[in-house]
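[1] Starting from these lines, generate the structure:
(4 chains)
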Protein chains: 2
Amino acid sequence: MSSPRELHRKPHIDTDLLTRLMACDTIETLTSEVQGASHRLGFEHWIYGALMPVTPTRAEEFVINGYPDEWRKHYLESGYTMADPTVTYARGHVIPSLWDDLASRSYRGVNSDQAKLIFTEARSFGLAKGLSVPLHGLGCLFGIMSYAASDPKHPILESTIHAEAVLLATYVHQAASLLINRGASEKIRPLTPRERECLKWAAEGKSGWEIAHVLKISERTTVFHLMNACQKLGVTNRQQAVAKALVLGLLEI
Amino acid sequence: MSSPRELHRKPHIDTDLLTRLMACDTIETLTSEVQGASHRLGFEHWIYGALMPVTPTRAEEFVINGYPDEWRKHYLESGYTMADPTVTYARGHVIPSLWDDLASRSYRGVNSDQAKLIFTEARSFGLAKGLSVPLHGLGCLFGIMSYAASDPKHPILESTIHAEAVLLATYVHQAASLLINRGASEKIRPLTPRERECLKWAAEGKSGWEIAHVLKISERTTVFHLMNACQKLGVTNRQQAVAKALVLGLLEI
DNA sequence: TGTCTAGCTGTAAGATTCGACAGCTGTAAA
DNA sequence: TTTACAGCTGTCGAATCTTACAGCTAGACA
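    As a prediction, this is how the structure comes out:
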């Protein structure tokens, strides 16, 4: 085994930074802290985005970034989000990837030519070498933290900066999650254990009569609990109740 | 901005390792590779676990580990999984945490005394200082990669080993996901666009009649599509179809 | 003691879904 | 040309769900 104590140097990303990030209560302060941390890793540019579900089939974006305004503007006006290989990559992967690697192969049938165009254009805006870190968890569909350096020879993979960028990404993800949830308007009254049980069995395809027998209560009572669950969730029927409870993580296994 | 090129040293976790991990097609070879990588980070012991959903409300564990057999045996026999603070922490967080920090605070009402007991016992088996990395994504409910060193003075936070442990964890998560999916028995025929549309609206609480009007087709046709979707998913009703499609990520937003 | 909540139960009418019957068009691959 | 499949449509009876009505027990809390 190697002797880590002799190999270490002071990391760029430490728990002090985490404390500062978690203390951010506005988008501006969080952006400023992330900007500083990214710079210390040698990246002039960065962007964090997360897709938060608002209904079972719709989601809204949360984005903070330290990208050049002109590039960001051009990107949005061109509708690049859906064609961006870093975004499609992040949806289905967990390991970070260099932009160079993403440019050469296409994921999920995304047009490879357009992918290369996006990276070429990005380079012309000063984003020469990039790294994208997929993010998952905390109730978001998926998220992404991308870093970019103007120096095409930035030694991302040849240094521990690669790893530190991943660590910073998780910090930002957690901090952003706090910010987003702080602004969450909809507050759902917690479900009772019985309501959760009934919803679970409903999600397993059981009818009211079957749930009643499993829980050894009357069918009327399961209807009662499921109706209460529907009201608390603010939905119109069991399908939607099951769906909403699932995406909100209310039916913990 | 700092000059990363002058600060870097060769990382312990690199893309060569990633390539080797992704090439593993058995639990044994994967375990062996992870064992080596953990050792290079100064950790004698490690464990990877993931909870994969098999139905909307049930999941099964996938675990590979390089823990002492005696400790693993005692852990399982004592039923520690549900009380383990690292596990409950991983479920709701994305940033890595030292065991020392987990021992001092309790999450989700987990008995703090039992938490401390687990860590104390672990130490007696040679797991003195530990780090747990939560993992999410790739269709699992949540996962965890824990590292432990027998040296209570292992400089986890004072070095970039902290960050590299996170990077390695994502590599293992991706590699394990490949292994798990390789053994996935149940293959679901892909849903047609119409079936997905109908399921989406069903998840939004719409009735067959309403979906028909939204999609400008007859009610009979929505019933037809939803019935086909139920057959493909192998479920008995719409509730279960919505639930299963959601957890399998078939209703992409 | 009164109020709140969780949990429980009943009847009944109307809306919705399920399941099996049967049959159409258009496109694309073999 | 045949085959396959996506998409589409119909009827009908039975099962299930939704939503009214109305009322019970037990424990927690002020």
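[2] doesn't residue A:133 make contact with residue A:98?
    No: assessed by Cβ atoms under 8 Å, residue A:98 is found out of contact with residue A:133, at 10.9 Å. No exception for glycine: its C-beta is placed from N, CA and C like everyone else's.
[3] How many neighbouring residues does the residue in the stretch 101-250 of chain A that DNA strand C sits nearest to have?
    The nearest approach of the stretch 101-250 of chain A to DNA strand C comes at residue A:192, 2.6 Å away (Cβ to the nearest atom of the strand). If you count neighbours by other Cβ atoms under 10 Å in any protein chain shown, residue A:192 ends up with 13.
[4] do residue A:212 as well
    Using other Cβ under 10 Å, residue A:212 has 19 neighbouring residues.
[5] okay but it is in contact with residue A:225, surely?
    No: Residue A:212 is beyond contact range of residue A:225, at 10.1 Å (criterion: Cβ under 8 Å).
[6] Check the nearest residue to residue A:139 once chain neighbours are set aside and give its pLDDT.
    Excluding its sequence neighbours, the residue lying closest to residue A:139 (Cβ to Cβ, 6 or more residues apart in numbering or on different chains) is residue A:249, at 6.2 Å. What the model reports as pLDDT for residue A:249 is 81.
[7] Next: the one 4 residues further on.
    The confidence metric pLDDT takes the value 63 at residue A:253.
[8] Doesn't the residue nearest to residue A:139 belong to a strand?
    No: applying DSSP: H, G, I helix; E, B strand; the rest coil, one finds residue A:249 to be coil, outside a strand.
[9] Now for it, how many residues are close by?
    A count of nearby residues for residue A:249, using other Cβ under 10 Å, gives 13.
[10] Same question for residue A:19.
    By other Cβ under 10 Å, the residues close to residue A:19 number 10.
[11] so it, which of the three states?
    Following three-state DSSP, we place residue A:19 in the helix state.
[12] Same check on residue A:16?
    Residue A:16 is classified as helix under three-state DSSP.
[13] surely the residue nearest to residue A:139 meets residue A:140?
    No: Residue A:249 lies out of contact with residue A:140 (Cβ under 8 Å); the separation is 11.2 Å.
[14] what about stretch A:212-225, start to end distance?
    11 Å (Cα to Cα, to the nearest Å).
[15] I meant stretch A:199-216, not that one.
    Chord length of stretch A:199-216, first to last residue, is 15 Å (Cα to Cα).
[16] Name the spans of the stretch 51-200 of chain A whose pLDDT lies under the cut-off.
    Scanning the stretch 51-200 of chain A for pLDDT under 70 picks out the ranges A:106-112, A:183-187.
[17] Centre-most residue in chain A?
    By Cα atoms, centre = their mean, chain A has its centre lying nearest to residue A:143, at 2.6 Å.
[18] Is that one located within a helix, as I assumed?
    No: counting by three-state DSSP, residue A:143 is not part of a helix but strand.
[19] May I have the beta-bridge partners of it?
    Beta bridges link residue A:143 to residue A:50, residue A:135 when assigned by DSSP bridges.
[20] give the contact list for it.
    The contact partners of residue A:143, by Cβ atoms under 8 Å, 6 or more residues apart in numbering or on different chains, come to A:48, A:49, A:50, A:51, A:90, A:134, A:135, A:136, A:173, A:176.
[21] Have a look at residue A:98 and residue A:133 and say which one is more surrounded.
    More crowded of residue A:98 and residue A:133, by other Cβ under 10 Å: residue A:133, with 28 against 16.
[22] For the more buried one, pull up the helix or strand it's in.
    Secondary structure assigned from DSSP states H and E places residue A:133 in strand A:129-137.
[23] Any residues of chain A in contact with DNA strand C? List them.
    Within chain A, the positions lying close to DNA strand C (Cβ under 7 Å from any atom of the strand) are A:192-195, A:215, A:217-221, A:224-225, A:237, A:239.
[24] and the two most separated of the residues you listed?
    Spatially, the most separated pair among those is A:218 and A:239, at 23.0 Å (Cβ to Cβ).
[25] which one is residue A:140 nearest to, not counting chain neighbours?
    Spatially, and ignoring its direct neighbours in sequence, residue A:140 is nearest to residue A:50 (4.5 Å; Cβ to Cβ, 6+ apart).
[26] Flag every buried residue along stretch A:155-174.
    Judged by neighbour count using 16 or more other Cβ atoms under 10 Å in any protein chain shown, the buried positions of stretch A:155-174 are A:155-156, A:158-174.
[27] Hmm, residue A:156 is touching residue A:131, no?
    Yes: here residue A:156 lies in contact with residue A:131, judged by Cβ under 8 Å, at a distance of 5.4 Å.
[28] Using PDB, list the CA coordinates for the longest helix along chain A.
    In chain A, assigned by DSSP state H, the helix with the most residues is helix A:161-182. Output in PDB follows, covering the C-alpha atoms of helix A:161-182 (Å, rounded to 0.1, in the frame of the first residue of the first chain):
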ATOM      1  CA  ILE A 161      -7.900  18.600 -10.400                       C
ATOM      2  CA  HIS A 162     -10.100  16.100 -12.200                       C
ATOM      3  CA  ALA A 163     -11.100  14.600  -8.900                       C
ATOM      4  CA  GLU A 164     -11.400  17.900  -7.100                       C
ATOM      5  CA  ALA A 165     -13.700  19.200  -9.800                       C
ATOM      6  CA  VAL A 166     -16.000  16.200  -9.100                       C
ATOM      7  CA  LEU A 167     -15.900  17.000  -5.400                       C
ATOM      8  CA  LEU A 168     -16.700  20.700  -5.900                       C
ATOM      9  CA  ALA A 169     -19.600  19.600  -8.200                       C
ATOM     10  CA  THR A 170     -21.200  17.600  -5.400                       C
ATOM     11  CA  TYR A 171     -20.800  20.500  -3.000                       C
ATOM     12  CA  VAL A 172     -22.500  22.900  -5.500                       C
ATOM     13  CA  HIS A 173     -25.200  20.400  -6.100                       C
ATOM     14  CA  GLN A 174     -26.000  20.100  -2.400                       C
ATOM     15  CA  ALA A 175     -25.800  23.900  -1.900                       C
ATOM     16  CA  ALA A 176     -28.000  24.600  -4.900                       C
ATOM     17  CA  SER A 177     -30.500  22.000  -3.600                       C
ATOM     18  CA  LEU A 178     -30.800  23.900  -0.400                       C
ATOM     19  CA  LEU A 179     -31.400  27.100  -2.300                       C
ATOM     20  CA  ILE A 180     -34.000  25.600  -4.500                       C
ATOM     21  CA  ASN A 181     -35.900  23.900  -1.700                       C
ATOM     22  CA  ARG A 182     -35.800  27.100   0.300                       C
END
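[29] Many thanks, I have nothing further to ask.
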